[in-house]
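Asks: let's see this in three dimensions:
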Amino acid sequence: MNIRSLTRGDGVVIGAAVLLFIASFLGLTGAPDCTGPFAKYCEAQDYSSSNAWSSVSVLMSIYLAGVIGAAIIVISRALPQPRKIAGLDLGQFGVALTIFAAWTAFWSLIDAGSAGAGLIVGLIAALALAGGAVAGPLVPALKVELIGAPKPPAAPYGAGPNPGYGYPGAQQQAAGQGYGYPGPGGQQTGQTPGQPAADATAGGAAGAAPAAGGAADFAPFWFAVPVARPLYGEDGSPSPIAELAPGTWYLAVEQRGQALIAQTQDGRRGVLQDTTGIQRG
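Replies: This next block holds a predicted model:
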């Protein structure tokens, strides 16, 4: 579970669920009007309002239904692979629960003769919860990540004398410097010890072709994704093996056409098919 995949919409859902849970402890109905000639009869009665925990039907259909729906939504967004319940995605099931809670809260308030703070605050929280659950994946402002991306590590994994292009914190290689590029003292970097220098340049243009091709070889680099994206297995399986979350650095170890072979923090490797908008470290 990766909490960095949570968005601002998920933050609205979490906040509304907390408010809804607090509202369950408030009174459902208000005190009757005890003014006028019948005021003396009110003194003999106990009109203390009960909360949602005194009514199982109200508690389960409004308050706990909304809280459980919010928990399902947050868990589904943080899971690397989508789960299904009765043919519905886990997130869709949670959204349906929040809408049901808001619907029930609305008609409970209409039906109540004298609504208390528990019903009023509960309706507001349930509407905010359902709105955040529905609008979260649709409104661009709510799709922004809740926790910002961390700074690149000071000493990342694999840093060395010749780190790959794009590695966070590493010094970039000089333009055109790759396999076979002449190093200090004129020595060929990719030359076998003891091989005559004439062999490396024999054939004129034919000898220069491997060096030119070596400069274009892929070099590993670190990157981050703008939104959560699935990582598929290298065997071509249609089911994702992991989900790349915004705010986390991943290592690109190979390129296959427009796709990248990425390695996660726990060492898993897979194919990132959608590479649009990625941020190099």
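Asks: could you pick out the longest helix of the protein?
Replies: helix 90-111 (DSSP state H).
Asks: show me where the chain dips below the pLDDT cut-off.
Replies: Counting by pLDDT under 70, the chain has low-confidence residues at 1-4, 30-49, 148-216.
Asks: spell out which helix or strand contains residue 67, please.
Replies: helix 64-78 (DSSP states H and E).
Asks: adjacent strands (with direction) for the next helix or strand after that helix?
Replies: The helix or strand immediately downstream of helix 64-78 is strand 84-85, counting by DSSP H and E. Here strand 84-85 is paired, per DSSP bridges, with strand 88-89 (antiparallel).
Asks: what sits up against the partner strand?
Replies: 76, 82-83, 96 (Cβ atoms under 8 Å, 6 or more residues apart in numbering). To be clear about C-beta, it is placed using only N, CA and C from the backbone, and glycine gets the same treatment.
Asks: on that earlier part again, which positions in the longest helix of the chain come out as buried?
Replies: 90-102, 104-105, 108-109 (16 or more other Cβ atoms under 10 Å).
Asks: by contact count, what packs against the helix holding residue 67?
Replies: Contacts defined by 3 or more Cβ pairs under 8 Å, 6 or more residues apart in numbering; DSSP states H and E place helix 64-78 against helix 8-23, helix 90-111, helix 117-135.
Asks: quick one: list the elements packing against the second one.
Replies: Under the contact definition 3+ Cβ pairs under 8 Å, 6+ apart, helix 90-111 sits against helix 64-78, helix 117-135.
Asks: tell me which of those helices lies nearest to residue 218.
Replies: Among the helices and strands packed on helix 90-111, helix 64-78 comes nearest to residue 218, with 31.9 Å by Cβ to Cβ.
Asks: which residues are in contact with stretch 52-64?
Replies: 20-21, 23-25, 28, 100-101, 104-105, 108, 118, 122, 126.
Asks: now do 7 Å
Replies: 20-21, 23-24, 28, 101, 104-105, 108, 118, 122, 126 (Cβ atoms under 7 Å, 6 or more residues apart in numbering).
Asks: that stretch: end-to-end distance?
Replies: By Cα to Cα, to the nearest Å, the extent of stretch 52-64 from end to end equals 10 Å.
Asks: repeat that for stretch 71-86.
Replies: Per Cα to Cα, stretch 71-86 runs 18 Å from first to last residue.
Asks: now do stretch 265-281
Replies: OK, stretch 265-281 end separation, Cα to Cα: 15 Å.
Asks: could you do stretch 259-277 as well?
Replies: 13 Å.
Asks: how about it, which residues are buried there?
Replies: 260-264, 269-272.
Asks: in strands, which of those residues appear?
Replies: 260-263, 269-272 (DSSP state E).
Asks: surely residue 217 is within a strand?
Replies: No: the assignment for residue 217, made by DSSP: H, G, I helix; E, B strand; the rest coil, is coil rather than a strand.
Asks: partner strands of the longest strand seen in the chain and their direction?
Replies: Identified as the longest strand of the chain according to DSSP E is strand 250-256. Partners of strand 250-256 in the sheet, by DSSP bridges, are strand 221-224 (antiparallel), strand 259-263 (antiparallel).
Asks: could the ones you listed be laid out in TSV, adding distance to residue 51?
Replies: Output for the strands paired with strand 250-256, formatted as TSV (distance: least, Cβ to Cβ, whole Å):
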stretch	distance to residue 51
strand 221-224	46
strand 259-263	51
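Asks: quick one: which of the ones you listed is nearest residue 234?
Replies: Here strand 259-263 is closest among the strands paired with strand 250-256 (Cβ to Cβ), at 6.9 Å.
Asks: wait, doesn't residue 147 sit right on residue 246?
Replies: No: Residue 147 is beyond contact range of residue 246, at 8.9 Å (criterion: Cβ atoms under 7 Å).
Asks: comparing these two, which residue is more hemmed in?
Replies: The neighbour comparison of residue 147 against residue 246 (other Cβ atoms under 10 Å) goes to residue 246, with 22 against 14.
Asks: quick revisit: quick one, which of the contacts of strand 88-89 are buried?
Replies: 76, 96.
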